[in-house]
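Visitor: predicted model follows, preceded by the sequence.
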Amino acid sequence: MADADHALAADYYADAAVRRALLTYAGATATHGPTAAFLAALDPAAQPFPTWSSTPHVPWSALPDACERGCDLSRALWDTDALIFAIDLDYQNLDYPGEPFLHASSVFFKLENSYAALRRIFRRFGLPIAAVSTGRGYHFVGRVPLESDTIDRLTALSTVPAWHATHERRRPSFVAPMTARHAQAAEGLGLLIEHVAHLAITEATPNNLIPLVVNGVVVGSGEIGRECVSIDFSHVGDPLDTRHVRMAFSAYQWHRARPDIFGSAVAALPPLAALPRRGRSLETFLLSGRDLAAARASARTGALALPNVSRGIDRLIRHYRASPLARFHQAFAAERRAIDRAAIYGVPDLPPCLARPLVEPNDLLLKPEYLQNLVRGLLARGWSAARIAALVEREYLADHQWGDRWVRLDARTRADFDVRVFAGLVLTGHDRLIDFNCVSSREKGICPESGCGHDLDDDRRALVARVAMWRARP
């Protein structure tokens with residue numbers, strides 16, 4: 001990134017209204033500082049290429065320096081005063097990743113139906129969720145104060161997550177330890193967020209212009225490459241103390257920082273900003289601008305404090321408890337507690353496309369489209385979701401040269417989350433399995449082209465029959 005562009009972002013952050021808006025989004029008020037546990041700052045000029053996963057977690061006293069360096073800014077999802085509800089809506093295109101920056105109006109129009117569906121769902125439950133635009137979509141965010149009774153109702157949905165046992169080794173020294181109650185409530189909130197994703201799939205899919213997926217699953221070819229809308233809540237699959245979300249009023253320079261992903265033409269485009277949409281129509285929002293000048297004007301109009309969504313969460317809890325997804329979650333959790341990963345044996349012979357992530361776990365078992373394929377294939381062969389999760393955890397903990405991944409993160413939490421999400425979509429009928437076939441597998445790039453002669457339509461038919469049996473149970 002050129003020095004002039006660095007100066008542009010630094011000058012933007014020097015505006016007092018922008019600084020106030022950043023601190024407000026981090027939970028600061030007139031009486032106390034930020035409640036977000038830490039700050040993460042991505043330097044777009046870092047070499048060879050910066051990544052969010054490698055950015056250190058620093059105290060808020062580091063904010064002035066990060067602003068002076070013109071960094072992109074994120075706040076921790078771990079908040080010392082609240083639980084943070086967060087779900088993303090992104091445009092994804094593996095073949096033309098620069099589309100959101102080169103053709104922003106077209107991309108945001110393709111997102112609009114899913115955006116509107118989520119807004120309707122939030123209104124239905126009385127959730128005053130805030131929407132913040134990013135370079136490729138939106139963050140939807142809100143807060144549940146830790147002192148509210150809603151926290152106890154969230155803890156009743158789950159148990160203390162596995163990652164809390166190793167929380168202390170990851171905890172920055174400048175943050176007090178997280179309580180087990182806090183972690184358990186976060187786990188419960190994650191189940192609700194998954195439920196919202198199911199509701200959004202039902203609401204948005206009939207009118208979407210392009211496929212709708214969860215957590216960045218790759219799709220087959222469309223009119224403009226492998227493009228889709230992704231409802232992303234993958235942060236639920238990692239320890240709460242590790243994840244962060246881009247701040248409203250942060251500069252957005254990811255496209256400039258990664259020419260290896262987006263190409264030199266996109267990297268030459270000016271910085272954008274993460275901006276609250278504030279209920280504006282798409283046309284008005286896009287015409288108002290999404291650059292640093294528009295963000296500066298918006299910050300002077302007013303900051304964005306995360307809205308209290310407790311009452312709506314209470315309504316959502318009642319709806320979730322009566323859902324097929326909750327029934328699946330309860331059965332999954334009960335069986336998972338009874339299964340030892342060491343007892344998983346007798347993996348059936350699988351066709352090459354299904355077996356690939358077990359043959360090459362690092363890194364195929366981390367890619368959602370491979371894991372989805374494995375889950376579908378094993379479900380079709382009579383495996384339970386809990387048994388599949390134990391198998392995936394076993395592979396995560398085996399010596400596949402993972403480095404420090406499972407020191408920084410948690411193998412059981414990630415395995416349980418990904419398998420639970422994909423199996424839950426299948427068994428509740430939200431995954432209609434229309435791309436569970438050989439043609440789609442080749443388009444996605446997950447078919448090894450081995451000439452195996454296996455037809456995934458056979459697996460699909462077996463899985464459809466199993467889903468029908470599961471849904472017929474009382």
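Guide: Cool, got the structure.

Visitor: what does the helix or strand hosting residue 152 rub up against?
Guide: Here residue 152 sits within helix 149-155, counting by DSSP states H and E. Residues from elsewhere that reach helix 149-155 (CB atoms under 8 Å, 6 or more residues apart in numbering): 83, 144-145, 181-182, 184-186, 188-189, 192, 310-311, 313-314, 317. C-betas here are computed from N, CA, C, even on glycine.

Visitor: the same query, at a cut-off of 6 Å, please.
Guide: Helix 149-155 is contacted from outside by 144, 184, 185, 188, 189, 310, 313, 314, 317, using CB atoms under 6 Å, 6 or more residues apart in numbering.

Visitor: got the phi and psi for residue 212?
Guide: phi -110, psi 130 (degrees, to the nearest 10).

Visitor: quick one: neighbours of it, just the number.
Guide: When counting by other CB atoms under 10 Å, one arrives at 21 neighbours for residue 212.

Visitor: what residues are up against it?
Guide: Residue 212 touches 204, 205, 229, counting by CB under 6 Å, 6+ apart.

Visitor: drop the exposed ones from these and show what's left.
Guide: Among the contacts of residue 212, those buried by neighbour count (16 or more other CB atoms under 10 Å) are 204, 205, 229.

Visitor: of the residues you listed, closest to residue 336?
Guide: Distance to residue 336, by CB to CB, is smallest for residue 205 among the buried ones among the contacts of residue 212, at 29.0 Å.

Visitor: now do the longest strand along the chain: which elements does it pack against?
Guide: Counting by DSSP state E, the longest strand found in the chain is strand 82-93. Applying 3 or more CB pairs under 6 Å, 6 or more residues apart in numbering; DSSP states H and E, one finds that strand 82-93 contacts helix 104-125, strand 137-145, helix 180-204, strand 227-232.

Visitor: got the end-to-end distance for stretch 438-457?
Guide: 8 Å (CA to CA, to the nearest Å).

Visitor: distance from that stretch to the middle of the chain?
Guide: Counting by CA atoms, centre = their mean, to the nearest Å, stretch 438-457 is centred 27 Å from the centre of its parent chain.

Visitor: is the residue nearest to residue 212 when sequence neighbours are not counted in a bridge, and if so with what?
Guide: Leaving out its chain neighbours, the residue that sits closest to residue 212 by CB to CB, 6 or more residues apart in numbering is residue 229, at 4.9 Å. Here residue 229 shows beta-bridge partners residue 91, residue 212, assigned using DSSP bridges.

Visitor: which residues touch residue 229?
Guide: 111, 114, 212.

Visitor: can we see that at 8 Å?
Guide: By CB under 8 Å, 6+ apart, residue 229 lies in contact with 89-92, 110-111, 114, 204, 208, 210-213.

Visitor: and residue 446, by the same measure?
Guide: Residue 446 sits next to 218, 353, 356, 369, 370, 373 when contact means CB under 8 Å, 6+ apart.

Visitor: between the buried ones among the contacts of residue 212, which sits nearest residue 18?
Guide: Taking CB to CB as the measure, residue 18 sits nearest to residue 229 out of those, at 30.2 Å.

Visitor: and residue 13, how many neighbours does it have?
Guide: 24.

Visitor: skipping adjacent residues, who's closest to it in space?
Guide: The shortest distance from residue 13 to any non-neighbouring residue, by CB to CB, 6+ apart, is to residue 67 (3.5 Å).
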